[in-house]
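K.L.:
Below is the structure, and that's it, no one-letter string:
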C-alpha cells in the first residue's frame, strides 16, 4: 500500500522503516518557530527539561507578533524576554518593523520549502502546507521538546483528499474554498487527518490563495493541509531560499481516509456567521447585516493579494459613516509592497485605518477589539465567541472583496453589487 | 495507574480554547494567575466547582482552536486530576498529555456522569467507573502511558536526554 504526501514527509523525518495511520512516531523538525505567546512558556519548560541550549540555532526562528507593538508593560516584558533569549541562543529573530506575522514572515523569508517539517508554537502553523511543507501547530511544552531535542511526537494521520474542480467565479478567493471544505466536513471533520488539496482548481491558485486555504485546515480540526508542490511553488521559491527541496506527492495507490470534491464553477462567496468557523452560509443569505467594523488582515488573508482586492473595492469610495475599517498588512514586506503600489493611499483616502503588521485584534489582543453588540466582518480565521473582544460581539469571516465592500456599504453586500452603494 | 475524581461537567460540543481562556490573558505567564481566568469566556462560575479531586467531563471536539497551553496549565493548577470526553481537538489533547494531565476518550461515560459523580479511571484495565459502573475508554497508546507515568513530557525528556532520539 502506498503512502500519502503527509505520511511520506513524516516517514522521511523519522528513524522508522514504515508508517501507518495511528502509529506514534518521533518526527525531526527542519524548523522550529515560536512567538511572544508560546515562547516564554516554552523556554521555561526547555530549561526544566535540562537543556540550556537549543538543538540547532540555525533551525530556530522567533517572531514577536501577537501583542506587538507592546500593548502594555506585561507584553513588553515578554517581548524583551524573547529578544534576550534569542540573542543568547543565537537563533534568528525578526524584530518588529523587520518582520510581521510569523507565518507570513517564515514563508516570505524562505524558511518553508516543500517536504520539510515545521513545528510551530501557534495553531496556524498549518499555513506552511501551502508550499507542501508539513507545518503543524503545537503547545509550549511540545515546542520546548523541539527546541531541546529537535523532535516532537506525532500520531501518523490519515489523509482526506480535497479536489477542487472547475474555475473560480468572480469575487471568490481562497478563503471561500477553505470555508467550503469546512462546511462539507465540519469543524472536527479533519481530526487525526491531514488535508491534501488537489485538482485543476488547486493548481490554479496563487501562493497567497493557497496560504489562505492551508491556514484554516486547523479550523476543520486537521493536523495540516497540504498542496503538493508544483511549478507555482518552484517559481515562488526561486531566489528566496537556498534550502534543498524535492516535490513529493501521494503514491498512486495511497489509501485515503476520505474524499471531498468542490466544484468551483458553482461556488459563490461564503460567510462564516458567529460564533463558529463552521457556521457557513452563502453570502446572499447574510446580506443586509449591519457592520460596525471591518478588519482586513491576519495570517490567512493579510497578503498583498487581499490588499489589492480591498483597494479595488475602496478606490474612489468612502468607508461608510457608521463603520470603521482597519487594514493590517501581514508583514513589513506586504506593507511596503502596498505602499509602493499606492494601496495604502487608497485606504487612507477612503477613511480606513492602516495598521502595523500584528496579530492584533484577530485574537482579541489589541488594535481594534470589539464592544458589546458590535458586528465585525473580518478576513481572519476564527469567529469564536469573544475571539475579538466582547463576548457579546459577532464576527463574520469572509474574503477581502466581501469585507471591503461591507466597509463601503456599512452592511454585508455582494461586492458585485457595490456600485449601487456609492 | 488509578485516578479517582469528582465530576465537574462542561456542557456542549466544540468548546474552543478562546472561551476556555480568552486571548486578552495570553500574556500571563504565572500559572496561579492563569487559573483565575479559566472558563472566563464560557462560564466563570465553573471555576468555583473545581477542587483538588476534579474529573472534568466534556463533550465532543473539546479544546478546538488555538494552541494556547494556558488552558490545561490552568486546569491542572485548579485541581483537575483528569479529563474525560467524547473527543478532543488535537492540540489541546497533546497539551494535556505533555503536561502529564491524563485525558481519555470515553463517549459513553460522558452522558452517564452527573455533576458530582464519582469517577474512577483505571488506565491499566482501560475502564472508567462512573458511580460504580465500569465503562470502556478508548485504548491509550503505550507511548502516552509512558508520558503519563513519567509525569509529563518535561520529566520524560529528562529521561531521554542523550538517548536514542
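P.N.:
Good, I have the coordinates. All figures in this text were calculated on a predicted structure; none of them were measured in a lab. Numbers count the residues shown, from 1 in each chain, chains lettered A, B, ... in the order given.
K.L.:
confidence score at residue B:162?
P.N.:
pLDDT recorded at residue B:162 is 52.
K.L.:
Other residues contacting the lengthiest strand in chain B?
P.N.:
Across chain B, the longest stretch assigned as strand under DSSP state E is strand B:2-9. For strand B:2-9, contacts defined as Cβ atoms under 8 Å, 6 or more residues apart in numbering or on different chains pick out B:46, B:49-51, B:53-57, B:81-82, B:102, B:113-124, B:130. The way it works is simple: take the backbone N, C-alpha and C, and place the C-beta from them, glycine included.
K.L.:
OK, contacts around the residue nearest in space to the middle of chain B?
P.N.:
Nearest to the geometric centre of chain B sits residue B:83, at 3.4 Å (Cα atoms, centre = their mean). Listed by Cβ under 8 Å, 6+ apart, the contact set of residue B:83 reads B:55-56, B:58, B:62, B:75, B:96, B:101-104.
K.L.:
repeat for residue B:124
P.N.:
For residue B:124, the contacting residues are B:1-2, by Cβ under 8 Å, 6+ apart.
K.L.:
Now the residue nearest to the centre of chain B: phi and psi?
P.N.:
The phi/psi pair for residue B:83 (degrees, to the nearest 10) reads phi -120, psi 130.
K.L.:
Can you give me the pLDDT of it?
P.N.:
Reported pLDDT for residue B:83: 98.
K.L.:
ok, it to residue B:101 distance?
P.N.:
The spacing between residue B:83 and residue B:101, counted by Cβ to Cβ, to the nearest Å, is 7 Å.
K.L.:
Point out where the stretch 151-300 of chain A drops to low pLDDT.
P.N.:
The model of the stretch 151-300 of chain A has no residue with pLDDT under 70.
K.L.:
for chain B, what are the nearby residues on it?
P.N.:
A:151, A:153, A:155, A:187-188, A:191-192, A:218-219, A:221, A:223, A:276, A:278 (Cβ under 8 Å from any Cβ of the partner chain).
K.L.:
Go again with 10 Å.
P.N.:
Neighbours of chain B within the stretch 151-300 of chain A, by Cβ under 10 Å from any Cβ of the partner chain: A:151-155, A:157, A:186-193, A:218-219, A:221-223, A:275-278.
K.L.:
just checking, which of the residues you listed belong to strands?
P.N.:
Those of those lying in strands (DSSP E): A:151-155, A:193.
K.L.:
Tell me the one among these nearest to chain B.
P.N.:
Of all those, residue A:151 has the smallest distance to chain B: 5.6 Å, by Cβ to the nearest Cβ.
K.L.:
which residues touch the closest one?
P.N.:
Taking Cβ atoms under 10 Å, 6 or more residues apart in numbering or on different chains, we find residue A:151 in contact with A:13-15, A:25-29, A:32, A:55, A:117, A:119, A:145, B:160, B:165.
K.L.:
Narrow those to those in helices?
P.N.:
With DSSP state H as the criterion, helices contain A:145, B:160 from among the contacts of residue A:151.
K.L.:
Point out the least confident one among the contacts of residue A:151.
P.N.:
Across those, the smallest pLDDT goes to residue B:165, namely 44.
K.L.:
isn't residue A:46 right up against residue B:157?
P.N.:
Yes: between residue A:46 and residue B:157 there is a contact under Cβ atoms under 10 Å: 8.8 Å.
K.L.:
circling back: which of the contacts of residue A:151 sits closest to residue B:153?
P.N.:
Nearest to residue B:153, judged by Cβ to Cβ, of these is residue A:145 at 5.8 Å.
K.L.:
Could you tell me which residues make contact with the closest one?
P.N.:
Applying Cβ under 10 Å, 6+ apart to residue A:145 gives the contacts A:26, A:29, A:32, A:42, A:45-46, A:49, A:51, A:55, A:119, A:138, A:151-153, B:98, B:153-154, B:156-157, B:160, B:165.
K.L.:
What subset of these is buried?
P.N.:
A:26, A:29, A:32, A:42, A:45-46, A:49, A:51, A:55, A:119, A:138, A:151-153, B:98, B:153-154, B:156-157, B:160 (16 or more other Cβ atoms under 10 Å in any protein chain shown).
K.L.:
hmm, back to that, going on from the longest strand of chain B, what's the next piece of helix or strand?
P.N.:
helix B:17-20 (DSSP states H and E).
K.L.:
I'd like the average pLDDT over that next one.
P.N.:
For helix B:17-20, mean pLDDT rounds to 98.
K.L.:
Just name whatever secondary elements that helix is in contact with.
P.N.:
If contacts are counted by 3 or more Cβ pairs under 10 Å, 6 or more residues apart in numbering or on different chains; DSSP states H and E, helix B:17-20 sits against helix B:70-77, helix B:90-98.
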